[in-house]
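# Sequence first, predicted model second:
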Amino acid sequence: MTLSTSILLAAAMFSVGVYGLLTRRHAVAILLSVELMANAANLSFVAFSHFRGGATGQLFALFALAITVAEVAVGLALVLLLYRTYGDTRTDAAKELRG
Amino acid sequence: MTVAIGFGVVAAIALLSAILVVRSPNLVHAVLWLGVTLIDTAVLYGMLGASFLAGVQVLLYVGGVVTLMVFGVMLTRRHDGLSVPAASGSPWRGALTAAVLFGVIAAAVMRSDLEHAPVAPTAGPPAVEALAASSQATTQAIGFELLSTHVLAFEVLSLLLLAAIIGAVVIARRRDHGALDQNARTEASS
């Protein structure tokens, strides 16, 4: 377990999240992918904090964690609104602004 | 050696469950696999000497976010039965983008020789530095820094959480409740 392998693992997890973000059509599934990417970013913060010394990296990860949870609450509220407005949670349903 | 094998197992579980999160055709299964990924990341945090963060991860993410996500799935489905199709699009463009992104990051990590780079001197009072040096006392160091150096960010974060809660309630509120209130008010005034 070195810094490089930890960062590579975080990068792989982030890439999986990007894949999900680009292929999923369901709004909740897109939120799940965003969670995966935020998790990977946090992992790299903690890895740098461990191998480089100092608690600032962990502190930053703590802040990022709280912000992600707030984002999930607002995102799910938007999903509920999408469902109530269009009767569907696929993001393709909201196309009123499509040119 | 044992640490290396353990890290390999944990990393394999993390990657496998992450792929299942984005590939699972059933949305409920995808949410539960995300729970596995998050618990696995908490184990990684523990291995990296961040035991406090591991606890917060389990409490906040696995206890809070996964539960919220399950609620989100259950509240927004039209049909009965447990299966909620997740509606994936064509996978090739996404796979290509993700592979290119991972290749770029991996090349950068390989070229930058992270293991032997000089350690930057950590700023801050010496007491905090000494605490952070031992992995046992990182929780104490986090507590000190949170309420001394970063106290402004801490308070702003609490404001942000309040704003997010109010925003979520306002966005998810039923619109006809406002109309009902107005009716009640006009009836009361007449």
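Everything's here; your move.
# How many residues are close by the residue of chain A at minimum distance from chain B?
When distances are taken as C-beta to the nearest C-beta, chain A approaches chain B most closely through A:Gly20, which lies 3.1 Å from it. Bear in mind the C-beta positions are built from the backbone N, C-alpha and C, glycine included. Other residues near A:Gly20 come to 27 when the count uses other C-beta atoms under 10 Å in any protein chain shown.
# Also A:Val16?
Around A:Val16 there are 26 other residues, counting by other C-beta under 10 Å.
# Can you give me the separation between A:Leu31 and A:Val74?
Between A:Leu31 and A:Val74 the distance, using C-beta to C-beta, to the nearest Å, works out to 10 Å.
# So which of those two has more stuff around it?
A count of neighbours by other C-beta under 10 Å puts A:Leu31 above the other of A:Leu31 and A:Val74, at 24 against 16.
# Within the helices and strands, which one has the nearest residue to B:Phe102 once chain neighbours are set aside?
For B:Phe102, ignoring the flanking residues on the chain, the nearest one in space by C-beta to C-beta, 6 or more residues apart in numbering or on different chains is A:Ser15 at 3.9 Å. When secondary structure is defined using DSSP states H and E, the element that contains A:Ser15 is helix A:3-23.
# other SSEs contacting that helix?
Under the contact definition 3 or more C-beta pairs under 8 Å, 6 or more residues apart in numbering or on different chains; DSSP states H and E, helix A:3-23 sits against helix A:27-52, helix B:2-23, helix B:27-47, helix B:91-112.
# give the contact list for the closest residue to chain A within chain B.
With C-beta to the nearest C-beta, the shortest gap between chain B and chain A falls at B:Val22, namely 3.1 Å. Taking C-beta atoms under 8 Å, 6 or more residues apart in numbering or on different chains as the contact definition, B:Val22 lies against A:Val16, A:Gly17, A:Tyr19, A:Gly20, A:Thr23, A:Arg24, A:Ala29, A:Leu32, A:Ser33, A:Leu36, B:Ala30.
# On the pLDDT front, check the nearest residue to the third one once chain neighbours are set aside for me.
Going back to what we said before, that points to A:Tyr19. Here the nearest residue to A:Tyr19 in space, its sequence neighbours aside, is B:Ala98; by C-beta to C-beta, 6+ apart that works out to 3.8 Å. In this model, B:Ala98 is scored at 92, pLDDT.
# what's the following helix or strand after the helix or strand of chain B with the lowest mean pLDDT?
The helix or strand with the lowest mean pLDDT-type score in chain B, counting by mean pLDDT, DSSP states H and E, is helix B:126-133 (a mean of 45). Note on helix B:126-133: by DSSP H and E, the next helix or strand toward the C-terminus is helix B:138-147.
# Give the buried residues for that next one.
Residues of helix B:138-147 classed as buried: B:Thr138, B:Thr139, B:Ala141, B:Ile142, B:Phe144, B:Glu145, B:Leu146 (neighbour count, 16 or more other C-beta atoms under 10 Å in any protein chain shown).
# hmm, it in reach of chain A?
Yes - using C-beta under 8 Å from any C-beta of the partner chain as the criterion, contacts between helix B:138-147 and chain A involve B:Thr138, B:Ala141, B:Ile142, B:Glu145, B:Leu146.
# Do me a favour and average the pLDDT over that helix.
When pLDDT is averaged along helix B:138-147, the result is 84.
# same check, this time on stretch A:26-33
This predicted structure assigns stretch A:26-33 an average pLDDT of 90.
# and that stretch with chain B, contact?
Yes - where contact is defined by C-beta under 8 Å from any C-beta, part of stretch A:26-33 touches chain B, namely A:His26, A:Ala27, A:Val28, A:Ala29, A:Leu31, A:Leu32, A:Ser33.
# Can you tell me which of these has the most neighbours?
Neighbour counts for the residues of stretch A:26-33 next to chain B peak at A:Leu32, which has 30 neighbours (criterion: other C-beta under 10 Å).
# Any figure for the gap between that residue and B:Ala164?
Look at A:Leu32 and B:Ala164: by C-beta to C-beta, they are 19 Å apart.
# Repeat that for B:Val156.
Going from B:Val156 to B:Ala164 by C-beta to C-beta gives 13 Å.
# Extract the C-alpha set from stretch A:31-39 and format it as PDB.
What follows is the C-alpha trace of stretch A:31-39 in PDB, where atoms were taken according to Å, rounded to 0.1, in the frame of the first residue of the first chain:
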ATOM      1  CA  LEU A  31     -26.800  10.800  -8.300                       C
ATOM      2  CA  LEU A  32     -25.300   7.500  -7.300                       C
ATOM      3  CA  SER A  33     -22.500   8.000  -9.900                       C
ATOM      4  CA  VAL A  34     -21.800  11.500  -8.500                       C
ATOM      5  CA  GLU A  35     -21.600   9.900  -5.000                       C
ATOM      6  CA  LEU A  36     -19.000   7.500  -6.300                       C
ATOM      7  CA  MET A  37     -16.900  10.300  -7.800                       C
ATOM      8  CA  ALA A  38     -17.000  12.300  -4.600                       C
ATOM      9  CA  ASN A  39     -16.000   9.300  -2.600                       C
END
